[in-house]
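Undergrad: 3D model of this:
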Amino acid sequence: MTEGSRPAPSTRPAAHSEVHELPFGSGANAAARALLAAFAERQRLGQRVRQDAVLVLGELVANGVDHGRPDSQDGLEVSWHLDGVSLRLSVYDGGGTSVPHVVAPDPYAPRGRGLAMVAALSSSWWFEDTRGTRVTAVLDVE
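TA: Numbers count the residues shown, from 1 in each chain. Alright, predicted model coming up:
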């Protein structure tokens, strides 16, 4: 490329999957939500799906930071994949001492409703706990 020239515009289709390694800590949540919101916008997902996806991802990241530890890269991995009918969101951390599960908190408890919200907004969710913890949620996009 010569000085002052610009690269040719990309002819590749928009990505349908993304993986991001974020610093482990409180800032990971806002960063993950912003990255997902931009992806959802580019993919022209409906407003309801975008809002639900950002909320679900935020809960998964918060749980990873609160209950997990950094992964082997000293961070937290967030990823998503859109296949046309569903959006799969995933958060991977270095693992923790507890197993992700839905709880029924006291109505006055200040916390503890995250995975219940994930379960309510997702068509399915699960976790894998080999070499860390990966929690995945699937949202319908149609």
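Undergrad: So, low pLDDT: which residues of the chain?
TA: 1-15, 112 (pLDDT under 70).
Undergrad: which other helices and strands contact the lengthiest helix in it?
TA: The residue-count maximum for a helix in the chain (DSSP state H) belongs to helix 47-67. Judged by 3 or more Cβ pairs under 8 Å, 6 or more residues apart in numbering; DSSP states H and E, helix 47-67 is in contact with helix 27-42, strand 75-82, strand 86-93, helix 114-121, strand 133-140. (C-beta placed from N, C-alpha, C; glycine too.)
Undergrad: Number of residues surrounding the closest residue in space to Leu82 that isn't next to it in sequence?
TA: Spatial nearest neighbour of Leu82, chain neighbours left out: His16 (4.8 Å); criterion: Cβ to Cβ, 6 or more residues apart in numbering. Per other Cβ atoms under 10 Å, the neighbour tally for His16 reads 14.
Undergrad: ok, Trp125 to Met117 distance?
TA: Distance of Trp125 to Met117, given as Cβ to Cβ, to the nearest Å: 11 Å.
Undergrad: likewise Glu59?
TA: Counting by Cβ to Cβ, the gap from Glu59 to Met117 is 6 Å.
Undergrad: more crowded one of these two?
TA: Glu59 (22 against 15).
Undergrad: who's in contact with the nearest residue to the more buried one once chain neighbours are set aside?
TA: Counting by Cβ to Cβ, 6+ apart, the nearest residue to Glu59 once its immediate chain neighbours are dropped is Gly114, at 4.1 Å. By Cβ atoms under 8 Å, 6 or more residues apart in numbering, the contact set of Gly114 is 59, 62-63.
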